[in-house]
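Peer 1: Sequence below, structure please.
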Amino acid sequence: MNTEQIINYLESAQKQFEYYKLLGEKTMAQLSDEELFWQANESSNSVAIIGKHLWGNMRSRWSDFLTSDGEKEWRNRDAEFEADIKNREELMQKWEEGWQTVFEALASITVDNFDTTVYIRNMGHTITEAVNRQMAHYAYHIGQLVFLGKLLKGKQWQSLSIAKGKSQVYNQEKFAKPKHREHFTQAFLKEKGK
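Peer 2: Below is the predicted model of the structure:
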């Protein structure tokens, strides 16, 4: 990649991570405290457990991102799936701490260090591979959060994208405007006030 492509990639990755963070927050904001901790059964994950796992993964993968293995010795992955978060405040504190670790690490990546090999469980990754790996992992879990939110709220769910049965109206509004170069995630974040 040339310098411009690296910069564009890093900006795009930042926006995508912001998008997934926002989807998770918009979901959790719709849920009651009780719903955050609801589990379908003993082996399933609640929204809070998924949030705790994301926190643990983010801290491990992104702390000292360029200089140490992404699977830290101090990480206890199995404990991330224990239902021991006590309240919404603790969940949101972990959520913010995890995402702050992601964004600080992303900000440390530059054109000059973009060719660094990043290790996860002793396997070498390019920066692109490591970032894409985590982006896909977080999108997977954010999708679970949204699914649980929709399941728990039922008809009270406020859609985070195009509401069911509203595709035609949405498309008419979009195509009634002139084309613009603003990318999807940038437009979405702006629309949601981020």
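Peer 1: which phi and psi does V118 have?
Peer 2: When read as degrees, to the nearest 10, the backbone of V118 gives phi -110, psi 130.
Peer 1: Leaving out sequence neighbours, find the closest residue to it.
Peer 2: Sequence neighbours aside, A130 is the residue nearest to V118 in space, at 4.2 Å (criterion: CB to CB, 6 or more residues apart in numbering). For glycine as for every other residue, the C-beta is placed from the backbone atoms N, C-alpha and C.
Peer 1: Next, the contact list for that neighbour, please.
Peer 2: By CB atoms under 8 Å, 6 or more residues apart in numbering, the contact list for A130 reads 61, 65, 70, 118, 120.
Peer 1: so which pair among the residues you listed is furthest apart in space?
Peer 2: The two members of the contacts of A130 with the most space between them (CB to CB) are F65 and I120, at 10.3 Å.
Peer 1: So those two - more neighbours on which side?
Peer 2: More crowded of F65 and I120, by other CB atoms under 10 Å: F65, with 22 against 16.
Peer 1: Which pLDDT value goes with that one?
Peer 2: In this prediction, F65 carries a pLDDT score of 97.
Peer 1: Just give the nearest non-adjacent residue to it, would you?
Peer 2: A105 (3.9 Å).
Peer 1: what's the burial count for that neighbour?
Peer 2: Per other CB under 10 Å, the neighbour tally for A105 reads 20.
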